[in-house]
Structure formats: C-alpha cells, structure tokens
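Undergrad: this one's structure only:
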C-alpha cells in the first residue's frame, strides 16, 4: 500500500512537471496537496524530484530522514536475481512433517519448511494461519 502511494505520488509529480513546466512553486503546492490528504495522515513521505536536463533538484521533502527500505528493495533484489538466474528459474522449498497424518487428513505434528533461497512465501498464504503448497506424490492434506 505504501509503495503504491509513493509510486502514485512520483507519477503525479512527473506528470505535473511535464504538464506545467519545471517551476518549483506549483510543483511544491501540488505535492503538498497530495501528501496532506487525510488518508495519508499517518504516512511519511521522502521525495526528491531531480531534473536531468538542468542537473538540479526541483523538489525535496524529508531528505534528512532515515527510511526503512520496503518494496523498492525487493524490486532490486528480485530484478538482480532474475537477471542472474533467468526468468525460468524456480526455487524449491522442501516441506517435511514430524508426525503422522490422520485418516481425516490432519497432520499430528509439526510442518517444517526448509529454506533454500525462496524469497517469497507470501503467494502461498490462502487464509490466516494456512499455507498452500502443491504436493507432489503425496495425497493433499489439510495443513494448519
């Protein structure tokens, strides 16, 4: 959600630059109007708009603040991984159980995931507290 808001803000800022020229005051007012919206009252923005043609900063907000890297860092990591391993590469996450599976298909024990470089298990969450895996050579069971 934060990344979407930041990307939207950056796209709007660039659109403002293209549509209204590269003057600082209108850009400043338009960005302020966006970041001061009620839905962003708890958000913290870090923005820098730089003119490549003029080699100067056109707008800056919170340049002295430290931000925790978020989805942008993931994009760099995943892009680098895709470049190095190829887009067809697949990570394999081994899944083991420590107990038997009952006749009702319920695991009586722990489910162990062995990390092997898979950066993203989030696509396997089907509901709170439930992970979904494609099981090969194993009957489908409920794993909670």
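TA: The structure has been received and is ready for your questions. Since the model is a prediction, treat every value here as computed from it, not as a measurement.
Undergrad: neighbours around residue 46, how many?
TA: 13 (other CB atoms under 10 Å). For glycine as for every other residue, the C-beta is placed from the backbone atoms N, C-alpha and C.
Undergrad: Likewise for residue 34?
TA: Residue 34: 16 neighbours (other CB under 10 Å).
Undergrad: pLDDT value on it, please?
TA: On the pLDDT scale, residue 34 is placed at 92.
Undergrad: secondary structure element for it?
TA: If you go by DSSP states H and E, residue 34 is part of helix 24-35.
Undergrad: What distance do you get for residue 116 to residue 55?
TA: Distance of residue 116 to residue 55, given as CB to CB, to the nearest Å: 45 Å.
Undergrad: and the closest residue to residue 102 other than its chain neighbours, what are its phi and psi?
TA: In this structure, residue 102 finds its nearest non-sequential neighbour in residue 108, 5.9 Å apart by CB to CB, 6 or more residues apart in numbering. Phi and psi for residue 108, reported as degrees, to the nearest 10, are phi -100, psi 80.
Undergrad: Equivalent analysis for residue 71, please.
TA: Per degrees, to the nearest 10, the backbone of residue 71 is at phi -60, psi -30.
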